[in-house]
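Undergrad: no sequence on this one, just coordinates:
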């Protein structure tokens, strides 16, 4: 079975997710369990942060492109 990875997620490494999940787990007091909820939350946070960076970058890139076309 193949799965499609969203563009915003493709640049997020498993190591980044693991690090964030570990930080979340520690913040919660290092409870027993498999950590699946921490992993999912870490992944969601990193995807959203990636989207936010993209939203800030696109207007700047578009502005540069428009200036070149007008000139």
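TA: Yep, it's here. Keep in mind that what you see is a predicted model, and the values were worked out from it rather than measured.
Undergrad: By mean pLDDT, which helix or strand of this protein comes out lowest?
TA: helix 7-10 (a mean of 52; mean pLDDT, DSSP states H and E).
Undergrad: after it, next one along is what?
TA: Sequence order places helix 14-27 as the next helix or strand after helix 7-10, per DSSP states H and E.
Undergrad: can you list the residues that contact that following helix?
TA: Contacts to helix 14-27, defined as CB atoms under 8 Å, 6 or more residues apart in numbering, come from residues 31, 35, 38, 39, 41, 42, 43, 45, 46. Every C-beta, even on glycine, is put in place using the N, C-alpha and C of the backbone.
Undergrad: could you redo the residues you listed as TSV and give each row neighbour count?
TA: TSV is the format used below for the contacts of helix 14-27 (neighbours: other CB atoms under 10 Å):
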residue	neighbour count
31	8
35	18
38	22
39	18
41	17
42	22
43	17
45	15
46	20
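Undergrad: least confident pick among those residues?
TA: Lowest pLDDT of the contacts of helix 14-27: residue 35, 91.
Undergrad: how about it, what does it touch?
TA: 21, 25.
Undergrad: Give me the distance between residue 56 and residue 50.
TA: The gap separating residue 56 from residue 50 is 11 Å, by CB to CB, to the nearest Å.
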